[in-house]
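Visitor: okay, predicted coordinates and the sequence, questions at the end:
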Amino acid sequence: MGNKGYDFYMDKVRLPVTPGKLQISINNANETVELINEGQVNLLKKAGLSDIEFECLIPQVWYPFAEYESDLEDGKVLMEAAEAPGAHRRSKIVEDDIPVCGGKTPGKYEDVRRKLIRDAGFYLDHFENLKNRKKAFPFIVCRKMPQGKKLFSTDIKVSLEDYKIVEDAKEGFDLTVKISLKQWRDYGTKTVDVRIGATKPAADAGRPRETDGAPGLPQSYTVVSGDCLWNLAKRFYGDGSKYTVIYEANKNVIGGNPNLIYPGQVLTIPAI
């Protein structure tokens, strides 16, 4: 962390100037519904995805309060510059041809390894890459008190929704970038393993229906009190109108009137 109270990182790249304002919106996903005779109730659900917005200054000149980072030339360690005659002591040495806000750049020293500043193009390319690569990345804010005491940090996985580049004459050569981020939650599809057995269970045909006799063969029946041919036809054939079948087979027993049968008579019930 630098000497500032706050440091902003977007996918491990620290912004050169800490934004003056950060807004994180914890969005609501609850649902209010209307119940009959009960009025409105609130269905509580997990919070929605958070939105993050801020503006950052991308300088194109050297500022003492900015944090410029890049690889060291030849991989050598940066050493603090010795105090230059007529100049203030600085921990950052930059190329002589880079403009500096408030004065000239320090001279070159043989025993000091130079650290090149990252120009505005580096940060703009970084933002464009975050937008187009279609991958979430970590957004980190480190906070500490002036005396060095660490405060809470923000570490959230996000996607870059959009950003706007603003060039204002009041800012000189510098750029202002308005950035909108949205919280990212990892997700994936679930698979279900369905196994079908080699054999299917046999269908249950149910119990066979009971009959008064073997199908397809004539049966004998002894008349009891209260019987009539209509009821017997309905019992054996399921249709009372077929009483004539029983009567024709038993005329010699019943006689000339099919409506008169008597208890004890033995009738033949033909198969149909």
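Guide: Perfect, I can see it now.

Visitor: which phi and psi does the nearest residue to Lys242 once chain neighbours are set aside have?
Guide: Nearest residue to Lys242 in three dimensions, chain neighbours excluded: Ala233, at 4.5 Å (CB to CB, 6 or more residues apart in numbering). Just so you know, the C-beta spots here come from the backbone N, C-alpha and C atoms, and that holds for glycine as well. For Ala233, the backbone dihedrals are phi -70, psi -40 (criterion: degrees, to the nearest 10).

Visitor: isn't there a helix covering Ser159?
Guide: No - using DSSP: H, G, I helix; E, B strand; the rest coil, the assignment for Ser159 is strand, not a helix.

Visitor: wait, it sits on Ser180?
Guide: No - Ser159 is not in contact with Ser180 according to CB atoms under 8 Å; the separation is 9.9 Å.

Visitor: re earlier: OK, contacts around the residue nearest to Lys242?
Guide: Ala233 is in contact with Asp239, Gly240, Ser241, Lys242, Tyr243, Val245, Ile246, counting by CB atoms under 8 Å, 6 or more residues apart in numbering.

Visitor: and it, what pLDDT?
Guide: On pLDDT, Ala233 comes in at 90.

Visitor: please renumber so the chain begins at 42
Guide: Got it, first residue is 42 now, which makes that one Ala274.

Visitor: okay, it and Thr309: tell me how far apart.
Guide: Look at Ala274 and Thr309: by CB to CB, to the nearest Å, they are 13 Å apart.

Visitor: residue ranges with poor pLDDT in the stretch 92-241 of the chain?
Guide: 109-158, 239-241 (pLDDT under 70).

Visitor: strands along the stretch 192-313 of the chain, start to end?
Guide: 195-207, 216-224, 260-263, 307-310 (DSSP state E, counting those that start in this stretch).

Visitor: which one of these is the most hemmed in?
Guide: Most buried of the strands of the stretch 192-313 of the chain by mean neighbour count (mean count of other CB atoms under 10 Å) is strand 216-224; its value is a mean of 18.

Visitor: surely Val207 touches Asp215?
Guide: No - here Val207 does not reach Asp215: they are 10.0 Å apart, not a contact under CB under 8 Å.

Visitor: ok so, going back, for the strands of the stretch 192-313 of the chain, give me TSV that also has distance to Ile65.
Guide: Below are the strands of the stretch 192-313 of the chain laid out as TSV (distance: least, CB to CB, whole Å):
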stretch	distance to Ile65
strand 195-207	7
strand 216-224	9
strand 260-263	91
strand 307-310	92
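
Visitor: which one of these lies closest to Arg236?
Guide: strand 195-207 (36.9 Å; CB to CB).

Visitor: contacts for the longest helix belonging to the chain?
Guide: Criterion DSSP state H: the longest helix present in the chain is helix 161-173. Contacts to helix 161-173, defined as CB under 8 Å, 6+ apart, come from residues 51-52, 54, 56-57, 99-101, 111, 178, 201, 203-204, 206, 215-216, 218, 220.

Visitor: flag every buried residue along that helix.
Guide: Ala161, Tyr164, His167, Phe168, Leu171 (16 or more other CB atoms under 10 Å).

Visitor: hang on, the earlier thing: what subset of the contacts of Ala274 is buried?
Guide: Lys283, Tyr284, Val286, Ile287.

Visitor: how near is the last one to Gly297?
Guide: Ile287 sits 15 Å away from Gly297, going by CB to CB.

Visitor: ditto for Asn291
Guide: According to CB to CB, Asn291 stands 12 Å off from Gly297.

Visitor: these two: who's more crowded?
Guide: Comparing Asn291 with Gly297 by other CB atoms under 10 Å, the one with more neighbours is Asn291, at 21 against 6.

Visitor: okay, and Thr73 sits in which element?
Guide: Applying DSSP states H and E as the criterion places Thr73 in strand 72-76.

Visitor: thanks a lot, see you next time.
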